[in-house]
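Student: Predicted model and sequence follow; I will ask about them next.
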Amino acid sequence: MNIEGVALYYLRMPLVSPFETSFGRSETRDCILIEIRADGLIGYGECAADYDPGYSSETAGTSWYILQEFLIPLVLGKPFSSPTGFQNAFDQVRGHLMAKAGLEMALWDLLGKAQGRSLRQLLGGVRDRVDVGVSVGIQASPEAMLKVVEGYVSQGYKRIKLKIKPGRDLVETQAVRHLFPDMRLQVDANSAYTLESAQALLPLDELNLLLIEQPLYEDDLWDHSRLQAQFSTPICLDESITSPRHARQALEMKACKVINIKAGRVGGLSQGLAIHNLCRDRGVPVWCGGMLETGVGRASNLALASLPGFTLPGDISASDRYYLQDITHERFTLNPDSTIDVPSAPGLGVSIDPAALERFTINQLSFSAK
Ligand code: OSB
Ligand code: MG
């Protein structure tokens, strides 16, 4: 398919409730919607980088610049028949994995639409609905945390993840575990601890958690391996895993026992698929993380999570947990068994609501092949 045009939309989406993590609190979420045109078809992708460099060094602003200045010129006016072709073209750009992933997602959508196949089929997914959970932000107090968790449990979520940070960890997690002794429960520190300060987390090992996600800094693979040796609860890496090579090295170093796969963080669905395959070969459980995506990125996450190695519930909640109005016509809802259906229409299987897109767009840019 010859890439005839690309358009970028910088979006600012109001969240239904503020989301607080160890790196900050947001009331809105920024992202970039990427549209590519070829052979009379349109494909969409979402670049998941947010406004601030809190979760990762990449931001929506840096992605916008890298897409505009480097990535789009590498693909515009050129023929592509597979995501591998895109990845090879991107090779000369170091880093900027979320920018690459957003553009690659649009190509997957386009290829699926051209072949009349869903993203799930293109990736080799084996499930038509996937187990999901909800990621609960840090609340004002342990009591407030309990209330919010109870609310999600009553909506049907059977797996809960609590965001933690130093001083806002043990009491909250113990309180939730006390109220829900059998619930699938896990915590996520978003790199808020050092090997020394993480000693405070040792009592979590008694709470029968599914996993402890990213306790230490992103580049602390070695210290994660030292910390994992102190815990019987599996450590799961998110921020630290940015490529299939890092996944292999982390496993060989015993820095983690579980991996959170986010296509955005690792440079695209093709890389996410490669990490899935590596972990599956080694019997390492993986699950699909999220970054508060719109309906576009959520569709992509659901397709990825339908692969056989995704044996733990994903951070893929219903649309109403994030946005009152989304940019897709489709809204995702929670089934009573704490699953969400994987889209089955060609490509991502979602369509853009033009009025919603216009409402949330704060900057726009388009490119055409000469
Ligand atoms: O660390 O998993 C994370 C959201 C934004 C950035 C990073 C993370 C998260 C979440 C929410 O935990 C996951 C979701 O529901 O999309
Ligand atoms: Mg995380």
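Tutor: It's in. Ligands and ions are numbered 1, 2, ... in the order given.
Student: Could you count how many residues lie near the residue of the stretch 201-350 of the chain found nearest ligand 1?
Tutor: The minimum distance from the stretch 201-350 of the chain to ligand 1, using CB to the nearest ligand atom, falls at G290 (2.5 Å). Backbone N, C-alpha and C define where each C-beta goes, glycine included. By other CB atoms under 10 Å, the residues close to G290 number 22.
Student: can you start the count at 53 instead of 1 from here on
Tutor: With 53 as the first residue, the last one maps to G342.
Student: Any figure for the gap between the residue nearest to S284 when sequence neighbours are not counted and ligand 2?
Tutor: Of all residues not flanking S284 in the chain, D257 sits nearest, at 5.9 Å (CB to CB, 6 or more residues apart in numbering). Between D257 and ligand 2 the computed distance is 19 Å (CB to the ion, to the nearest Å).
Student: if we can go back for a sec, isn't there a strand covering the residue of the stretch 253-402 of the chain closest to ligand 1?
Tutor: No - assigned with DSSP: H, G, I helix; E, B strand; the rest coil, G342 falls outside any strand and is coil.
Student: For the closest residue to it other than its chain neighbours, give me phi and psi.
Tutor: Here the nearest residue to G342 in space, its sequence neighbours aside, is D367; by CB to CB, 6+ apart that works out to 4.0 Å. Dihedral angles of D367 (phi, psi; degrees, to the nearest 10) stand at phi -80, psi 60.
Student: Could you pull up the residues touching the residue of the stretch 253-402 of the chain closest to ligand 1?
Tutor: By CB atoms under 8 Å, 6 or more residues apart in numbering, the contact set of G342 is S187, K314, G349, R350, N353, G366, D367, I368, S369.
Student: Following the chain onward from the lowest-mean-pLDDT helix or strand in the chain, which element is next?
Tutor: None of the helices or strands of the chain scores lower by mean pLDDT, DSSP states H and E than helix 135-142, at a mean of 94. For helix 135-142, the following helix or strand on the C-terminal side (DSSP states H and E) is helix 149-167.
Student: Model confidence score at the residue in the chain positioned nearest to ligand 2, please.
Tutor: As assessed by CB to the ion, ligand 2 sits closest to D290 within the chain, at 3.6 Å. As predicted, D290 sits at a pLDDT of 98.
Student: Ok, the one 10 residues further on next?
Tutor: For R300, the model assigns a pLDDT of 98.
Student: Quick check: closest non-adjacent residue to it.
Tutor: L330 (6.1 Å).
Student: Just want the phi and psi numbers for that neighbour.
Tutor: Torsion angles, degrees, to the nearest 10, at L330: phi -60, psi -50.
Student: Can you name the residues that contact it?
Tutor: By CB under 8 Å, 6+ apart, the contact set of L330 is P296, A299, R300.
Student: quick one, what contacts D290?
Tutor: Listed by CB under 8 Å, 6+ apart, the contact partners of D290 are D240, N242, E265, Q266, N312, K314, R317, G341.
Student: And G203, by the same measure?
Tutor: With CB under 8 Å, 6+ apart, G203 has no contacts at all.
Student: Within the helices and strands, which one has it?
Tutor: Per DSSP H and E, G203 falls inside helix 194-207.
Student: Check whether the next helix or strand after that helix comes into contact with ligand 2.
Tutor: Tracing the chain past helix 194-207, the next element assigned as helix or strand by DSSP H and E is strand 211-215. No - using CB under 5 Å from the ion, strand 211-215 stays clear of ligand 2, with a minimum separation of 8.2 Å.
Student: who in the stretch 53-202 of the chain is up against ligand 1?
Tutor: Y107, S187 (CB under 6 Å from any ligand atom).
Student: Same question for the stretch 203-352 of the chain.
Tutor: D240, N242, D290, G341, G342, M343, L344.
Student: Give me the distance between the residue nearest to G342 and F122.
Tutor: Distance, D367 to F122, using CB to CB, to the nearest Å: 30 Å.
Student: quick one: which of the two has more around it?
Tutor: D367 (24 against 15).
Student: Thought S187 was touching that one, still the case?
Tutor: Yes - between D367 and S187 there is a contact at 4.8 Å, judged by CB atoms under 8 Å.
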